[in-house]
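Colleague: Attaching a predicted model along with its sequence, questions to come.
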Amino acid sequence: MTNKEINKAAEKAKPEQEEKHGKTGFVDNMVVPVLAVVTGLIIGGIVIAITNDTAVAAWGNFFQNPGAAFKASWDAVLTGYGALFSGSLGKPADMIAGIQNYFATGDSKLILKAFYPITESLVTATPYIFAGLAVALGFKGGLFNIGAEGQFYIGALASAYVGYSIVGLPWFVHLPLAILAGAVAGGIWGAIPGYLKAKTGAHEVVNTIMMNWIAFRLSDWLLSGPMKSSGFRPVTPNIEATAELPRFFPDPLRFNWGFPLALAVAALVYWFLFKTTLGFEIRAVGANPDAAKYSGISVVRNIVLVMTLSGALAGLAGAAQVLGTDHWVGQGFSAGYGFDSIALALLGKSNPIGVVLAALLFGVLRSGATSMQSLAGIPIHIISIIQGLVIIFVAAPVIIRGIYRIRIGSSDETVLTRGWGK
Amino acid sequence: MKKLYTVLAVALLASMILAACGSPATPAPTEVPATTAPETAAPATVAPTETPKFKVGEVTDLGGVDDKSFNASGWAGMQKAMADLGVDGKYLESKQQSDYAKNIQQFVDEKTNLIVTVGFLLGVDTATAAKANPETKFAIVDYSYPDCFGTSVEGKDCGSATEIPNVLGLTFQTDQAAFLAGYAAAASTKTGKVGTFGGINIPPVTIFMKGFQAGVEYYNTQKKASVQVLGWDSAKADGLFTGNFDSTDDGRKFAESLMQEGADIIMPVAGPVGLGSAAVCKETGKCKIVGVDTDWTVSAAEYKDVILTSVMKNINVAVYNAIKAAQDGSFKGGVYLSTLANGGVGLATVNGASAELTAELDQVKADIISGKITIAP
């Protein structure tokens, strides 16, 4: 192979490539994910209908009264998704009434109540954005970071420790320090499997899973021992007010600076990946490590770098969650943000913009699940079903293409992660 | 066929959009469909004119509503209240820490009359919500206020420095029932050694172990026996702990090591972890188990041959009584202590007990209730 050819191979990951296959790129990156979400919601609706007692009973009397059967199923789905979306986005009528009331009387109670659901969705989306970026960055570098959950825990614990143990700092020192602690701790947790992969070839999937367990058990020990607060509860003390990410509105609204920070970091990751030499090298290694190596890129350095940055982003997710939303860490701090973020990165096609959009969707679904469970009596687990379905459809776009008769075949499949060995 | 797919897809897509957009205009139905009689097959729209039912909501901790322990027991009490008192009951499961405040807020927004929160992890969020919403009543399982001591900051490290008028803490004098279990175990052991271990070294766990040890010691003084307790020492306030409430594997290991040291009766105070110990006893036939929280001959029926007895913590009864009080207006904030006297805690049937032992246990129980026997806190 000549040098020229090698360079060409290394450039495969360049965005220009996508423009050549403009239509395919659009279908793969936009249409398939959107249709996957829609299809996931449709099948989720069917699951709601067939698990609804009233609807099932009505279907039992199908031959006497077929109309009632359809109506009962329809009502079940309508009630469920109505509660899901009103609980995650709010009701426009209430918002308008709240705004009018605020300007008429100066009373902010109604307006806060009307905007509570949508701000909660953004609060839920915040750790998803960070963790999704973590996994996406790994994918771009050809690495599968399953360890985001562990890095999330470690980041949260480090941030909490800095947040509560240091007293008397002004906020503009304390807050950045606490955030940095989360990023560094997560970064170290990611760097270890990265180093093992680069130096010994030990597969990062295995090692990041192992690191997860170390993180979980370490946090169990820390919470019931060294980091335990006074009193008997196995939780950390609350962080100092100077380490909190400030909230925009009074209680119970928890919307805080974590969300804008997440958007800023997403923009930063985008710039890093697509506008810097280092980002280009990472993508080159991800696309074809052999070609990258022969064109003079250090694969070893890049693997460690990607895992460190990926871990740091997941650590930031934990930092944002503890500094912005929870202010303390207890057992069961995360409900699998790190694992969900794998799905999220797939849905967002490992693109920072896609990750942000996918995180917003997951935030809406997760947040709305509360009111769906309460108002419609539908278990929160239905959301996991919908998420799972969406991922199946994104991971196997052939299904979506088949259902919706999209005729364009994919010319080159993007490689998300390399197999065993090299 | 292609057309059919397309039409179906479009129709369903349209329905989703309608479902999403349609609901804000009309008030969301507040009736849970499952509560309407299925026979009528009528849609779940109930005329809004009927008098509003008394609304009760349970916020679970991370175990979820079917954890066969705290949350399930609380929900059982609520289901009984739904059947007997005609209240409207719901639950919200917490999947992570940040859900606690959110789930409580959801019930507050729905104007729920009584919100039952389960477990000490919800301690701070319950107090904060209760203070912000003084017209809503709260009951919290295994916790009570004031809970601020020393340098703790109210609303942060702890819930409240004072009693909250609209919160009832449901606490359990489990050491009384565990005392009986200790007595029964000491009377039943053949090796002269009984064992126990816990999940985490926190008061709701160690109160079982303290009571158990006190019961054994009482037996020793009464009968001039010298039965030993392994795995807990009240003087040092320390003992054997698995460090978690979920690993049945740890349950096996801890039971095996206690057996090696000679214990033939074991009380695991770590929720489902104890099922692992029960499995070991069933396989080897060399030990018996004292169950905790519920009657294990019922809730873990597959091991009923190796269950000596169970220390019952009737969370369901406490929750039911709280709901009843809230509904009839006699609800007062403070602490409701479940004791042997009011049936809030108790000992299940001791399997294979002689008539003599049964009579003795009845006497000990009566003495605890009358105050003749006191258990050091």
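Modeller: Thanks, I have it.
Colleague: which non-adjacent residue is nearest residue 119?
Modeller: Defaulting to chain A. In space, and not counting its chain neighbours, A:Thr119 is closest to A:Phe255: 3.8 Å by C-beta to C-beta, 6 or more residues apart in numbering or on different chains. Glycine gets a C-beta too; all of them are placed from N, C-alpha and C.
Colleague: my bad, the chain I had in mind was chain B
Modeller: B:Asp61 is the one closest to B:Gly119 (C-beta to C-beta, 6+ apart), at 3.9 Å.
Colleague: ok, back up a step: what's the residue nearest to A:Thr119 in contact with, if anything?
Modeller: Neighbouring residues of A:Phe255 by C-beta atoms under 8 Å, 6 or more residues apart in numbering or on different chains: A:Thr119, A:Glu120, A:Leu122, A:Val123, A:Arg247, A:Phe248, A:Phe249.
Colleague: Apply 6 Å and report the result again.
Modeller: Counting by C-beta atoms under 6 Å, 6 or more residues apart in numbering or on different chains, A:Phe255 makes contact with A:Thr119, A:Leu122, A:Val123, A:Phe248.
Colleague: what's the closest of those to chain B?
Modeller: Of all those, A:Val123 has the smallest distance to chain B: 7.6 Å, by C-beta to the nearest C-beta.
Colleague: Test my guess that that closest one contacts A:Arg254.
Modeller: Yes. Counting by C-beta atoms under 6 Å, A:Arg254 is a contact partner of A:Val123 at 5.0 Å.
Colleague: all strands of the stretch 1-150 of chain A, in order?
Modeller: With strands called from DSSP state E, counting those that start in this stretch, the stretch 1-150 of chain A shows none.
Colleague: Over to the stretch 51-200 of chain B?
Modeller: Using DSSP E, counting those that start in this stretch, the strands of the stretch 51-200 of chain B run over residues B:55-59, B:88-92, B:114-118, B:137-141, B:167-172, B:193-198.
Colleague: pLDDT (mean, whole number) over the second one?
Modeller: Translated: strand B:88-92. In this model, strand B:88-92 has a mean pLDDT of 91.
Colleague: how much does that strand deviate in direction from strand B:114-118?
Modeller: For strand B:88-92 against strand B:114-118, the angle by axes from the mean of the first three to the mean of the last three C-alpha atoms, to 10 degrees is 40 degrees.
Colleague: now do the fourth one
Modeller: Taking the same axes, to 10 degrees, strand B:137-141 and strand B:114-118 form an angle of 20 degrees between their directions.
Colleague: what angle separates strand B:137-141 from strand B:167-172?
Modeller: 20 degrees.
Colleague: can you tell if strand B:137-141 touches chain A?
Modeller: No. Residues of strand B:137-141 are not located near chain A by C-beta under 6 Å from any C-beta of the partner chain, the shortest gap being 12.8 Å.
Colleague: now the last one
Modeller: No. Strand B:193-198 stays clear of chain A (C-beta under 6 Å from any C-beta), getting no nearer than 11.5 Å.
Colleague: What helices and strands are in contact with that strand?
Modeller: Secondary-structure packing of strand B:193-198 (3 or more C-beta pairs under 6 Å, 6 or more residues apart in numbering or on different chains; DSSP states H and E): helix B:203-223, strand B:228-230, strand B:265-269.
Colleague: Format the ones you listed as CSV; extra columns: mean pLDDT and mean neighbour count.
Modeller: Output for the helices and strands packed on strand B:193-198, formatted as CSV (pLDDT from 0 to 100; neighbours: other C-beta atoms under 10 Å in any protein chain shown):
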stretch, mean pLDDT, mean neighbour count
helix B:203-223, 93, 22
strand B:228-230, 94, 20
strand B:265-269, 95, 30
